[in-house]
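Asker: make a model of this:
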Amino acid sequence: MAVAIPAAAGSPVRQVFIAGDSTASEYGPERAPRTGWGQVLQTYLDADTWKVRNHAQSGRSARSFIDQGWFDGIAKDLRKGDVLLIQFGHNDEKIEDPARYNEPLQAYPQWLMRYVALARERGATPILITPVARRKFDHGQLLDTHGAYSQAVRDLAKREQVGLIDLGATSMDWLRALGDEPSKAFYMHVPEQGQADDTHFQRRGAFAVACLVVGGWEKLDPALKQHLVRDTDCGARPTALIDRSSQPHPSLVAHERDIAVTQPGPHGGAGETTAYPFFKDAPGMSFEFRKRALQRGAGIGLHQHDHDEIYYVVSGTGVYTLDGKEHPVGPGNAMLTRPGSTHTIRQTGDEDLVLLITYRKKGAQ
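Answerer: This is a model prediction of the structure:
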């Protein structure tokens, strides 16, 4: 469902408020590396257009956030054109604590409606967010620990025609694609602090989850894209594991020590070189990618091109001759040769000239 977000009256800057729990809240340097996704949300938004007001509080449920007065802080400043992001659930599930517990079928959505009603009353836009996933794997399978609570948010959003960011679903897809062991680096698994926390995030995890939130928001309001300062191409499709298992050609990791080949300078070049033809025999590849080290006095001879080719200098120095003009090159230089041009390169100095080279394979479309 698309969400039309009205402009803020008399102000070019809109506010996005976050009502939520410890997964979104702010932490000081004494709690590092623990970071809430709301803490880094501003890094995705143009500060001249959007200002993040993160009111998320650790340990709060949809009920206790209101009962303890945190809701009033949002009500005081929320205005027309603002957005209110609403994410609870982790603490609403705590049946042992009556001050926070909300059963999912009635109480939980009733408390969430208080936030929706406030936003509508002020002319702001409420967006409901399903609770972000816990990192809970069982024999390689990710478990959904929020089931009924996530569904309650989805049902409420549908019934009330409120924008929904299904963070529970997208964060589970992200976790499945990462896998059990690799995903620990994004949550508060910090051995030096004696922590193995599968609910809260390290800084890298907060950025990843904030990206999922902004990506979901952008789907609701495509106009948001022009006010983003970072890309939101993050996460994984729900079918990521199926896509991986059905790949006709597997993805690979290689090391240059296993593929090094000593060769004379190609295209009539002088001296000795070492070529590293990465993934040369990988089927289905449309381009070549290689590293080549030109030893002292070595070069790649002059040749004319019928395809695009890019050289990138990793280390060392040389002279690159393109269409009859010499260019001294060193680390950081990139050289693009287009069809019809001629080029040659020779090593200079005492250090090997190391190049990364890529071009389209012959016959590739």
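Asker: SS state for the residue lying closest to P266 once chain neighbours are set aside?
Answerer: Distances taken as CB to CB, 6 or more residues apart in numbering put I300 closest to P266, at 5.4 Å, once the chain neighbours are dropped. C-betas here are computed from N, CA, C, even on glycine. Secondary structure assignment for I300 (DSSP: H, G, I helix; E, B strand; the rest coil): strand.
Asker: can you name the residues bridging to I300?
Answerer: Taking DSSP bridges as the rule, I300 bridges to I345.
Asker: for it, give its distance to R338.
Answerer: When distance is defined by CB to CB, to the nearest Å, I300 is 17 Å away from R338.
Asker: look up phi and psi at the most centrally placed residue in the chain.
Answerer: Centroid-nearest residue in the chain, with CA atoms, centre = their mean: C234, separated by 3.9 Å. When quoted as degrees, to the nearest 10, the phi and psi of C234 stand at phi -140, psi 170.
Asker: quick one: mean pLDDT over stretch 179-199.
Answerer: Stretch 179-199 shows a mean pLDDT of 97.
Asker: shouldn't the residue nearest to the centre of the chain be in contact with A208?
Answerer: Yes. A contact is recorded between C234 and A208 when judged using CB atoms under 8 Å, the distance being 6.4 Å.
Asker: what's the overlap in contacts for these two?
Answerer: Taking CB atoms under 8 Å, 6 or more residues apart in numbering as the criterion, C234 and A208 both touch W174.
Asker: could you find the closest non-adjacent residue to E93?
Answerer: Y149 (6.2 Å).
Asker: right, and that neighbour touches N91 too?
Answerer: No. Using CB under 8 Å, Y149 and N91 do not qualify as a contacting pair, with a distance of 10.4 Å.
Asker: which residues do these two both contact?
Answerer: The contact sets of Y149 and N91 do not overlap (CB under 8 Å, 6+ apart).
Asker: could you pull out the strands for the stretch 51-200 of the chain?
Answerer: Secondary structure of the stretch 51-200 of the chain, counting by DSSP state E, counting those that start in this stretch: strands at 83-87, 125-129, 137-138, 141-142, 163-165, 187-190, 195-201.
Asker: just send these back as TSV, with mean neighbour count and distance to P277 too.
Answerer: Written out in TSV, the entries for the strands of the stretch 51-200 of the chain read as follows (neighbours: other CB atoms under 10 Å; distance: least, CB to CB, whole Å):
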stretch	mean neighbour count	distance to P277
strand 83-87	26	49
strand 125-129	26	48
strand 137-138	12	38
strand 141-142	15	38
strand 163-165	22	45
strand 187-190	18	38
strand 195-201	18	40
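Asker: can I get the ones you listed in TSV with distance to A107?
Answerer: Converted to TSV, those look like this (distance: least, CB to CB, whole Å):
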stretch	distance to A107
strand 83-87	15
strand 125-129	16
strand 137-138	29
strand 141-142	27
strand 163-165	20
strand 187-190	29
strand 195-201	22
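Asker: of all the ones you listed, which lies closest to E256?
Answerer: Between E256 and those, the tightest spacing by CB to CB is seen for strand 187-190, at 31.5 Å.
Asker: which residues touch the closest one?
Answerer: 33-34, 135, 195-202, 205.
Asker: for it, what is the distance to the chain centroid?
Answerer: Offset of strand 187-190 from its chain centre (CA atoms, centre = their mean, to the nearest Å): 18 Å.
Asker: output that strand as CSV, nothing but the C-alphas.
Answerer: Once side chains and other backbone atoms are set aside, the C-alpha atoms of strand 187-190 remain, and they are given as CSV (Å, rounded to 0.1, in the frame of the first residue of the first chain):
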residue,chain,number,x,y,z
TYR,A,187,24.3,-9.0,16.8
MET,A,188,25.8,-8.4,20.3
HIS,A,189,28.0,-11.5,20.2
VAL,A,190,31.1,-9.8,21.8
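Asker: that one pairs with which strands?
Answerer: When sheet partners are counted by DSSP bridges, strand 187-190 sits next to strand 195-201 (antiparallel).
Asker: could you dump the partner strand to PDB, C-alpha only?
Answerer: Provided in PDB are the C-alpha atoms of strand 195-201 (Å, rounded to 0.1, in the frame of the first residue of the first chain):
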ATOM      1  CA  GLN A 195      28.100 -11.100  25.600                       C
ATOM      2  CA  ALA A 196      26.200 -13.500  23.400                       C
ATOM      3  CA  ASP A 197      23.000 -11.500  22.800                       C
ATOM      4  CA  ASP A 198      20.700 -12.500  19.900                       C
ATOM      5  CA  THR A 199      18.300  -9.500  20.200                       C
ATOM      6  CA  HIS A 200      20.500  -6.300  20.100                       C
ATOM      7  CA  PHE A 201      22.800  -5.100  17.400                       C
END
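Asker: which residues sit against the helix or strand just after it?
Answerer: Stepping forward along the backbone from strand 195-201, the first helix or strand reached (DSSP states H and E) is helix 203-220. If you take CB under 8 Å, 6+ apart as the criterion, helix 203-220 is touched by 1-3, 23, 32-33, 35-41, 43-45, 83, 85, 127, 129, 132, 163-167, 170-171, 174, 185-187, 201, 224-225, 228, 230, 232, 234-235.
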